[in-house]
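K.L.:
give me a model of this one.
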Amino acid sequence: MSKDLDLRKLLTFRLVALSREISHFNQRTLNPTDDLNIPQLRMLSLHYTLGRSSQSDIVKHTSRVDPGNTSRYMKSLVTKGYLKSVRDEKDKRLKWLKLTAKGKKIAERYLQKRYLHNEDLTTQFTQAELKQFDKLLAKAARFYEDQSG
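P.N.:
Numbering: from 1, shown residues only. I've put the predicted structure just below:
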C-alpha cells in the first residue's frame, strides 16, 4: 500500500472533519438549552427565519437532510413546546408549523450566539479572504449539485 494514500490529505475529509468540529463546538458552547440538539436548533432557527413554514419548506432549506429525521425532529419540537402545528385557515388539509413564544426565545438566543461566534471566527480573515472563501464554497457546492443531476 502506498504511503501517499493518506485520507487526512483529502479536501473532502478535511471539510467533513471541520463540519464535525463546528457541530461539536455548537453543541458544547452555543446551545442555549439542555433538551435540544444542534439539528433541532437549526430547524427551529429556520422556522424563525422563514416564519410560517411546513416540514417540506425546512427540508428544502437544509441540503440533503433525511425527511424521516426531519419529521422526528419536528414532532419532538412540537412535543417539547417549541413549535405548534396550525391548520391553514383557507385549506384545512394544510398544516403549518409556527414557533411558540418559547421556541422564538430559544431560536433568537441560538442565532445571536451563532452570529457572535461568526464575528469572532471571521476576524481571523481579511475581507478579500472571506470573499474568496465564499466563492470557493459556492464552487464546491455547484460541483456536488451537478453530480446529483
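
K.L.:
where does residue 140 fall, secondary structure wise?
P.N.:
helix 127-148 (DSSP states H and E).

K.L.:
mind checking how far that helix is from the chain centre?
P.N.:
18 Å (Cα atoms, centre = their mean, to the nearest Å).

K.L.:
now swap in stretch 100-113 and tell me
P.N.:
14 Å.

K.L.:
what mean pLDDT does stretch 108-127 get?
P.N.:
Regarding stretch 108-127, the rounded mean pLDDT is 95.

K.L.:
low-confidence ranges, the protein, go.
P.N.:
Across the chain, the ranges flagged by pLDDT under 70 are 1, 62-65, 149.

K.L.:
give me the neighbour count for residue 31.
P.N.:
By the criterion of other Cβ atoms under 10 Å, residue 31 has 19 neighbours. In this view, the C-beta of every residue, glycine as well, is placed from N, C-alpha and C.

K.L.:
what's the burial count for residue 102?
P.N.:
Neighbours around residue 102, by other Cβ under 10 Å: 13.

K.L.:
just the element for it, please.
P.N.:
helix 101-122.

K.L.:
and what of residue 57?
P.N.:
helix 55-61.

K.L.:
list the contacts of that helix.
P.N.:
43, 46-47, 50, 65, 67, 70-71, 74, 97 (Cβ atoms under 8 Å, 6 or more residues apart in numbering).
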